[in-house]
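Undergrad: pasting the sequence and the predicted model now:
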Amino acid sequence: MASFKIDLSTAVVFVATAPAPKMVNKKTGEVAVDAETGAKMMTVGLLVSDEGQGDLYQVSVPETGISDDLTPGIPVAVTALRARDWENEFNGQKRHGIAFRAMAITRVG
């Protein structure tokens, strides 16, 4: 599927929720892995504030691209944030949404 680059050049970004492993299967505990590098994938909640509006995004990022000290409330820089749409069927119901992925999330300052 196509993905789209997101421009954060005028935004202020803060950690909303600390990094946690991105689960493929919660029942088995299987963690998602980056297809290119083999790195474990993590999910980080980010608050993005731009032009008077704040939005919360759950962003997937390889574990190797995350600073060790990401805690809620700290400002961060996001490298190569992209969005792509997704759709699947689960228990007979179609679901869809937008997935966000970044190459790195690092502490600012």
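TA: That came through, no problem.

Undergrad: and the helix or strand hosting residue 94, how far out from the chain's middle?
TA: Secondary structure from DSSP states H and E places residue 94 in strand 93-101. What separates the centre of strand 93-101 from the centre of its chain is 13 Å, taken as Cα atoms, centre = their mean, to the nearest Å.

Undergrad: parallel or antiparallel, list what pairs with that strand.
TA: strand 53-62 (parallel), strand 82-90 (antiparallel) (DSSP bridges).

Undergrad: using JSON lines, lay out those together with distance to residue 26 and mean pLDDT.
TA: For the C-beta atoms, the positions are set from N, CA and C on the backbone; glycine is no exception. Below are these laid out as JSON lines (distance: least, Cβ to Cβ, whole Å; pLDDT from 0 to 100):
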{"stretch": "strand 53-62", "distance to residue 26": "15", "mean pLDDT": "96"}
{"stretch": "strand 82-90", "distance to residue 26": "13", "mean pLDDT": "90"}
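
Undergrad: many thanks, have a good one.
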